Each structure stands twice: as structure tokens, then as C-alpha cells.
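Enquirer: structural data only, the sequence is not supplied:
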């Protein structure tokens, strides 16, 4: 009886996995065609590059900020940030 139940359980799992793969493919396709593709086409038609944002002002040459020197002690070591 136990071997029959294990066999049925394995067949059930493989069938459900195939169904889940199909559902995931359909949902991912719908997400791409209904959400991602229209946004990307809009930005493509507007000729806008989201990655080319610049540094802010014209006189800004770097994002680097100088850090204040803090005393090194036990309390500083216990505090992560």
C-alpha cells in the first residue's frame, strides 16, 4: 500500500509541476506583453535613456562625499552604521 501511495504521489507532483510551469509561462508572457513592452516602446519612441541621468549639476564631477573623521573607540565598533 505504501509503495502505491508513493507512486501516486510522485505522479501527482510531476503533473502539478507541469501545470505550474504552464501557468508561470502564461503569466510571465502576459506581464511582458502588457506591462514591460509598452513601457519600453514608449521610452524608445521618446528617445529617452533612463540610464543616462547625469551627475546633477553642471559643476558636479563626482558622487564622492568626504567622510568625517570619527574617534575610534569601543562604542563606534559596536555601532554598525
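Expert: Now that the structure is in, tell me what you want to look at. Only a predicted model underlies this, so the values are computations on that prediction, with no experimental measurement involved. Numbers count the residues shown, from 1 in each chain.

Enquirer: have a look at the protein and report its longest helix.
Expert: Ordering each helix of the chain by length in residues (DSSP state H) puts helix 2-31 first.

Enquirer: ok, residue 13 to residue 7 distance?
Expert: Note on residue 13: its distance to residue 7, by C-beta to C-beta, to the nearest Å, is 11 Å. Every C-beta, even on glycine, is put in place using the N, C-alpha and C of the backbone.

Enquirer: for the protein, which helix or strand comes out least confident on mean pLDDT?
Expert: Lowest mean confidence among the helices and strands of the chain (mean pLDDT, DSSP states H and E): helix 74-78, at a mean of 86.

Enquirer: and that helix, what's buried?
Expert: Within helix 74-78, not a single residue qualifies as buried, counting by 16 or more other C-beta atoms under 10 Å.

Enquirer: name the residues that touch it?
Expert: Residues lying outside helix 74-78 but in contact with it, judged by C-beta atoms under 8 Å, 6 or more residues apart in numbering, are residue 70.

Enquirer: how far off centre is it?
Expert: 34 Å (C-alpha atoms, centre = their mean, to the nearest Å).

Enquirer: ditto for stretch 29-48
Expert: In terms of C-alpha atoms, centre = their mean, the gap separating the centre of stretch 29-48 from the centre of its chain is 17 Å.

Enquirer: give me the buried positions along it.
Expert: Within stretch 29-48, no residue counts as buried by 16+ other C-beta under 10 Å.
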